[in-house]
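Trainee: I would like to see how this sequence folds:
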Amino acid sequence: MPGGRLTQQERQQIALGLADGLAYAEIARGLDRPTSTITREVLRNGGPTGYRADLAHRATERRAHRRGQSVPRGPQALPQAHGRDPEAVREYEESFTTVLMQAGTPKMMARVLACLTITDTGRLTAAELGQRLQVSPASISKAITYLESQGLVRRERDERRRERYVVDDDVWYQSMMASARGTAHVVEIARQGVGVLGAGTPAAARMENIARFVDFVSESIARAAEQARAILHTRPEATAGGAVEPVPDRG
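Mentor: Presented below is the predicted three-dimensional model:
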């Protein structure tokens with residue numbers, strides 16, 4: 001499998017593949033590259049509808065030039081605990097961000113969530129997030145507002161009254177429960193449609209089926225989330241040697 005940066009010819013093949021409606025995995029197979037490489041390349045350079053091979057190639061060259069001229073900033077410049085490889089951490093953060101974006105999270109929101117999630121503390125100030133991601137306070141604020149609405153982060157104040165943004169240990173539980181609550185409105189509206197469209201009519205039957213399906217799935221997700229949280233949730237616990245180990249939370 002070839003390594004290193006994508007060539008201009010490979011980028012042209014990516015553009016052609018996107019124009020033909022090929023999936024990222026299919027384009028990756030044609031180039032003998034990992035799917036994550038193609039996904040990251042496209043999302044970083046305009047997305048599937050805005051990707052241009054020549055612009056993507058020039059943008060990559062400019063990024064490489066800036067890295068060569070200046071002291072690296074952001075996650076790759078930060079010291080890493082526990083003997084972690086800084087470059088490996090940076091690459092993993094990019095991959096995690098890409099996966100969140102594929103799941104439908106907007107780019108900046110995905111970057112902030114990934115950055116918070118991979119920290120040991122799970123909490124950072126707006127200034128710390130801005131330093132790590134090299135973005136403006138306004139961008140951080142907008143991302144946090146969105147992530148809060150999805151139940152993915154919360155705010156707290158430290159001893160110096162500074163606001164910190166926190167990713168809880170059960171962040172996915174909170175997010176799934178928020179999603180389940182949101183679908184309750186879909187069920188309510190669908191059942192209202194039954195009365196408007198007339199019980200027994202094909203349209204009303206369709207709306208009733210929608211309501212039943214969404215209600216069943218929503219309840220199943222909420223129930224599964226509760227069970228998984230009770231069984232699988234872990235919390236950090238310090239060992240005698242000072243290391244932190246995950247311990248099942250039984251209570």
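Trainee: and Glu163, what are its phi and psi?
Mentor: phi -80, psi 130 (degrees, to the nearest 10).
Trainee: now it: how far from Val99?
Mentor: In this structure, Glu163 and Val99 are separated by 28 Å, where distance is defined by C-beta to C-beta, to the nearest Å. For every residue, glycine as well, the C-beta is placed using N, CA and C.
Trainee: so where does the nearest residue to Leu31 once chain neighbours are set aside fall, helix or strand?
Mentor: When the adjacent residues along the chain are set aside, Leu31 lies closest to Glu10, with 5.5 Å between them (C-beta to C-beta, 6 or more residues apart in numbering). If you go by DSSP states H and E, Glu10 is part of helix 8-19.
Trainee: pLDDT of that helix, averaged?
Mentor: The predicted model assigns helix 8-19 a mean pLDDT of 91.
Trainee: confirm Tyr165 sits in a helix?
Mentor: No - the secondary structure assignment for Tyr165 gives strand rather than a helix, going by DSSP: H, G, I helix; E, B strand; the rest coil.
Trainee: for burial, what's the neighbour tally of Ala205?
Mentor: The local packing of Ala205 (other C-beta atoms under 10 Å) involves 13 other residues.
Trainee: how far away is it from Thr183?
Mentor: Ala205 is 20 Å from Thr183, by C-beta to C-beta.
Trainee: Thr37 too?
Mentor: Thr37 is 35 Å from Thr183, where distance means C-beta to C-beta.
Trainee: in terms of neighbours, single out the busier of these two.
Mentor: Shown here are Thr37 and Thr183; by other C-beta under 10 Å, Thr37 has more neighbours (22 against 16).
Trainee: which SSE is the more buried one in?
Mentor: Applying DSSP H and E as the criterion places Thr37 in helix 35-44.
Trainee: identify each buried residue in whatever helix or strand comes next after that helix, please.
Mentor: If you walk from helix 35-44 toward the C-terminus, the next helix or strand you reach (DSSP H and E) is helix 47-50. If you call a residue buried by 16 or more other C-beta atoms under 10 Å, then helix 47-50 has these buried ones: Pro48.
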